[in-house]
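Chemist: One predicted model, sequence on top.
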Amino acid sequence: MQQVTTEYVRSLNGITQDFLCPVNANIYNIQFLKFRIRDMDSGQTLFEVERDQDEEPIENLPPEYQDEARRIKYHFGPQFFELKTVGAQLTFSVGNQPVKNFTIIERHYFRDHLLRSYEFQFPFCIPNSTNTWEHIYTIPEIDEAMRQEMINNPFQTKSDSFYFVGDQLVMHNKAEYDYSPFD
């Protein structure tokens, strides 16, 4: 497999069809423990998930379940478009190697239209540590016609999240979004 670089993922003009690295590329044993998305203005939690401490790491799952474990679906509802900024707080642990220049590049698309690309860096993680990192997302301006299309077409809005340590892609996750009204 050809090495995937930060430059390459920044140049993508659509969602990837496949994962660009295998699960075993995570040689730093980075484990996501808790994830919370909140409205920065009101503080309201929009989504929160915490990993059960007894849960097997993705690397230990049977191969046929590993790709599905790297995907998540969100249902935010149409009111999400009224928000200005959201915070995504991630609690994660690292294994017995130092993690230098941990970079997340996240690319959000509606169909094949790039809505926004975000990039965040965590300069250093001490070996065998648990870390909390909150990145702040500015919600992009989306014209009313596209917004309505996104509401009318659940899960057609997607993102790829690429996780690099230095220049090495170690993780790749995917998300799909539903902005339709709640039942």
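Modeler: It's in.
Chemist: does Asn101 count as helix, strand or coil?
Modeler: strand (DSSP: H, G, I helix; E, B strand; the rest coil).
Chemist: How about the contacts made by it?
Modeler: By Cβ atoms under 8 Å, 6 or more residues apart in numbering, the contact set of Asn101 is Gln121, Pro123, Phe124, Phe164, Val165, Gly166. The C-beta positions use only the backbone N, C-alpha and C, and glycine is treated the same way.
Chemist: Same check on Ile37?
Modeler: Thr45, Leu46, Phe47, Glu48, Tyr74, Val86, Gly87, Ala88, Gln89.
Chemist: quick one on the thing from earlier: out of the contacts of Asn101, who's nearest Ile30?
Modeler: Nearest to Ile30 among these: Val165, at 8.0 Å, using Cβ to Cβ.
Chemist: in the chain, which residue is closest to the centre?
Modeler: Ser161 (4.3 Å; Cα atoms, centre = their mean).
Chemist: does that residue count as helix, strand or coil?
Modeler: Secondary structure, three-state DSSP: Ser161 is strand.
Chemist: Can you tell me the element the residue nearest to Trp133 when sequence neighbours are not counted falls in?
Modeler: In this structure, Trp133 finds its nearest non-sequential neighbour in Leu90, 5.1 Å apart by Cβ to Cβ, 6 or more residues apart in numbering. Assigned by DSSP states H and E, Leu90 falls within strand 85-93.
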